[in-house]
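Chemist: can you look at this prediction? I've put the sequence above it.
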Amino acid sequence: MIIKLVRLKIQSRKSEDAINITAQVEEAVKNSGVRNGLVNILTAHTSSGLLVTEGIPCLEEDILTHLARLVPEDESYHHRRYLDYDGRLGFNADAHLKSILGGIHCMFPIENGELVRGSRQTVYFMEYDGPLERTCMVQVMGEA
């Protein structure tokens, strides 16, 4: 059994963004040596997420617009206060809630050394609290 972990560094450029990471995930699978198995993708952050959907710009905008409507930035959240356990002001409750709604991981099968996904499925790293450098983990597991 082969188990490989790749850490993708992702630099977001906006406060909220949908960043297509499908090619990086496919590259990690290709370089792993795994012929048949699974790939798990996970964000290392509580104010970002991962989504799998059709990869078109209008849908990227619709997702961000809809999440902003569901979880507005300017609500009166309990998290918007001084956090005495780390000495900082909590200001990004909306980002955390969007992460919860969208999810922080996804998984795909690998067959014959390739990611198995629907023809329109695109893997997006979702930035909800940027711009920041983020880490996304791609763990490839299976047999050569």
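Modeler: Sure, I can see it.

Chemist: was I right about residue 20 contacting residue 54?
Modeler: No - the pair formed by residue 20 and residue 54 falls short of the contact definition of Cβ atoms under 8 Å, at 11.2 Å. C-betas here are computed from N, CA, C, even on glycine.

Chemist: in the sheet, who's paired with residue 134?
Modeler: residue 10 (DSSP bridges).

Chemist: wait, it sits on residue 9?
Modeler: Yes - Residue 134 sits in contact with residue 9 when judged by Cβ under 8 Å, with a separation of 7.5 Å.

Chemist: mind listing what residue 25 touches?
Modeler: Listed by Cβ atoms under 8 Å, 6 or more residues apart in numbering, the contact set of residue 25 reads 39, 41, 108, 115, 123, 138.

Chemist: show me what the helix or strand containing the second one is packed up against.
Modeler: Residue 41 is located in strand 36-43, with elements delineated by DSSP states H and E. Contacts defined by 3 or more Cβ pairs under 8 Å, 6 or more residues apart in numbering; DSSP states H and E place strand 36-43 against helix 22-32, strand 48-54, strand 105-111, strand 133-143.
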